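K.L.:
below: sequence and its predicted model.
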Amino acid sequence: MLQTQLRPSTQLKPLTTAHLAQTMALIELTAAELEQKVQAELAKNPALEVKDTRHCPVCKRQYAENGLCPRCHPKVSHQLDQPIIFVSPRHDFIRTPRNESETQDRELQLAKEDLSTYVLKQIAPELPVEDRQIAAYILSNLDEDGLLEIPLVEVARYYHVPISRVESVVELIQHADPIGVGSPSPQEAMLVQLDVLSEHHPVPLHADAAIREGLDLLSRHQYVELARLIGIQVHQVEKIARFISDNLNPFPGRAFWGDIRSGFSDNPPVYTQPDAIITTIDNSPESPLVVEVFSPYAGILRVNPLFRQAIEEVSKENTEQWKSDLSRAELLVKCLQQRTTTIVRLMRRLAVIQREFILRGDQFLRPQTRASLAQELDVHESTISRAVANKSVQIPNGHIIPLSKFFDRSLQVRTALKQIIQEEKSPLSDSAISELLEEQGYSVARRTVAKYRAMEGILPSHLRQSPETV
């Protein structure tokens, strides 16, 4: 009797796992990638079909089920802070730039490649094809500091591979630029950097022990206690501290990585097909935001009802194949719906939280993390990371920006920094800029000012020309 009760649970578990795995894989795809995947499935699976649809003669969008265009006849909200959001299955009607100047401006807005993509491009040639998906999954779970947010054992379980295989992928990631990226902690990131640095430069004795055993004491400048802990002289600890301060970075994601970060890239990546468009009704900033989420084949992909009926009549030798096709079709349709629901919930919440940023610019971005948004939406943080990765959004001013920009905690500070430099009467040092930022409520160290300045492609003070001499 007990076995009979357990049997249904055992049968359902693989289906649940397959549903979750495919949903997560679809969430990770951009709208363009998703369209290609669905087209491939339509080509090889006779159980799938696309319903006939009607389109608006004005904007060419697909009519909603009630027969009205979701863009030209939206359900207007009386609450200004509540966005109007709808799903569109096509993206061939994206507005083109009005002129060459707008095109150039848009490209400048997109001249920053995300860290995950940057690292994956470096290591992909060295990875076996079957490990590239593991690497992409690991990189999609990095936090803003470039550190890994999930344990390696979770990755191994997710892909059903030995943990040693995951460790080898992580090791390759850690030795990409920026060195230490993908480490589970600042401590390990610094140890990786130290190991790489030792191949070309002299490293103080016991530096690795100081990081491994006494990083907390080192960060609090408790050099006497650290010297006693690892059995060396205080002056040696001071030398180690200076070396670490000058050469190592506990947060690799904050380092200067890639040509784009330094402002010297000749061919910056450009988003040409956003995954969502945010506008306002009648272009009025006093109206609710209208968010159009692109989800190819949403609402028009379905399981062919005639195929389902025909299974009853098919010969026995073909029954298993037909049932397999039907099962794959049903799973794809369900997972596509789940992907759409997740991204709609994400965009709805972002449109509420970041309304001022969307309408008024970078200085109005509200700091938030993927973890906090995941908690609000009651989903796993990795789900938000996947939904954000490689996606882009067109905002009301016409610019297409990475969706990850909504989570850029340094954006406000960098915007304030640029404003200070634009208004300087004579070139200000990084220390002086740090003090001015402190007055505005941003506690930023001089070295961080230098990093943000480089990210924005701004020269140091001794190379900036004073406006008075122009």
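P.N.:
That came through, no problem. Numbers count the residues shown, from 1 in each chain.
K.L.:
measure residue 251 to residue 303 for me?
P.N.:
Counting by Cβ to Cβ, to the nearest Å, the gap from residue 251 to residue 303 is 48 Å. Glycine gets a C-beta too; all of them are placed from N, C-alpha and C.
K.L.:
what about the longest helix seen in the chain, distance to the chain center?
P.N.:
Ordering each helix of the chain by length in residues (DSSP state H) puts helix 316-353 first. How far helix 316-353 lies from its chain's middle: 22 Å, per Cα atoms, centre = their mean, to the nearest Å.
K.L.:
let the chain start at 698 from now.
P.N.:
Let's use 698 as the start, then, which means that last one is helix 1013-1050.
K.L.:
got a list of contacts for the helix or strand following that helix?
P.N.:
Using DSSP states H and E, the helix or strand that follows helix 1013-1050 in sequence is helix 1052-1057. Helix 1052-1057 is contacted by residues 778, 780, 975, 977, 982, 986, 1048, 1061-1063, 1092-1093, 1103 when judged by Cβ atoms under 8 Å, 6 or more residues apart in numbering.
K.L.:
if you set the cut-off to 10 Å instead, what comes out?
P.N.:
Helix 1052-1057 is touched from outside by 777-780, 975-977, 982-983, 985-986, 988, 1047-1048, 1060-1063, 1090, 1092-1094, 1098, 1102-1103, 1108-1109, with contacts defined as Cβ atoms under 10 Å, 6 or more residues apart in numbering.
K.L.:
so which of the residues you listed belong to strands?
P.N.:
Cross-referencing those against strands under DSSP state E gives 975-977, 986, 988, 1090, 1098.
K.L.:
neighbour-wise, which one of those leads?
P.N.:
In terms of neighbour count, residue 986 stands highest of the ones in strands among the contacts of helix 1052-1057 at 27 neighbours, by other Cβ atoms under 10 Å.
K.L.:
any idea how far residue 1038 is from it?
P.N.:
Distance of residue 986 to residue 1038, given as Cβ to Cβ: 19 Å.
K.L.:
same thing with residue 937?
P.N.:
Residue 937 is 52 Å from residue 1038, where distance means Cβ to Cβ.
K.L.:
so these two - more neighbours on which side?
P.N.:
residue 937 (26 against 13).
K.L.:
that one: what's it in contact with?
P.N.:
Residues counted as contacts of residue 937 (Cβ under 10 Å, 6+ apart) are 900-908, 911, 915, 920, 923-924, 927, 929.
K.L.:
ok, of those, which one's closest to residue 1068?
P.N.:
Closest approach to residue 1068 among the contacts of residue 937 (Cβ to Cβ): residue 908, at 26.3 Å.
K.L.:
tell me the centre residue of the protein?
P.N.:
With the centre of the chain defined as its mean C-alpha position, the nearest residue by Cα atoms, centre = their mean is residue 1086, 3.2 Å away.
K.L.:
and for residue 1135, the neighbour number?
P.N.:
Look at residue 1135: counted by other Cβ under 10 Å, it has 11 neighbours.
K.L.:
ok so it is a helix residue?
P.N.:
Yes - counting by DSSP: H, G, I helix; E, B strand; the rest coil, residue 1135 falls inside a helix.
K.L.:
now the helix or strand harbouring residue 1150: buried residues?
P.N.:
Assigned by DSSP H and E, residue 1150 falls within helix 1143-1152. By 16 or more other Cβ atoms under 10 Å, the buried positions in helix 1143-1152 come out as 1145-1150, 1152.
K.L.:
same question for stretch 1126-1145.
P.N.:
Residues 1127, 1130-1131, 1133-1134, 1139, 1141, 1145 are the ones in stretch 1126-1145 that count as buried (16+ other Cβ under 10 Å).
K.L.:
pipe these into CSV and attach pLDDT and distance to residue 884 per row.
P.N.:
CSV is the format used below for the buried residues of stretch 1126-1145 (pLDDT from 0 to 100; distance: Cβ to Cβ, whole Å):
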residue, pLDDT, distance to residue 884
1127, 86, 28
1130, 89, 31
1131, 88, 27
1133, 90, 33
1134, 89, 29
1139, 84, 27
1141, 80, 24
1145, 80, 21
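K.L.:
between the residues you listed, which is closest to residue 837?
P.N.:
Of all the buried residues of stretch 1126-1145, residue 1145 has the smallest distance to residue 837: 26.0 Å, by Cβ to Cβ.
K.L.:
pop the domain breakdown of the protein in here.
P.N.:
Domain assignment for the chain by automatic domain parsing gives 699-790+969-1103, 812-959, 1108-1166.
K.L.:
number of nearby residues for the residue nearest to residue 836 when sequence neighbours are not counted?
P.N.:
Spatial nearest neighbour of residue 836, chain neighbours left out: residue 813 (3.9 Å); criterion: Cβ to Cβ, 6 or more residues apart in numbering. The burial count assigned to residue 813 is 24, neighbours taken as other Cβ under 10 Å.
K.L.:
for residue 1025, same thing?
P.N.:
Counted with other Cβ under 10 Å, the neighbours of residue 1025 add up to 18.
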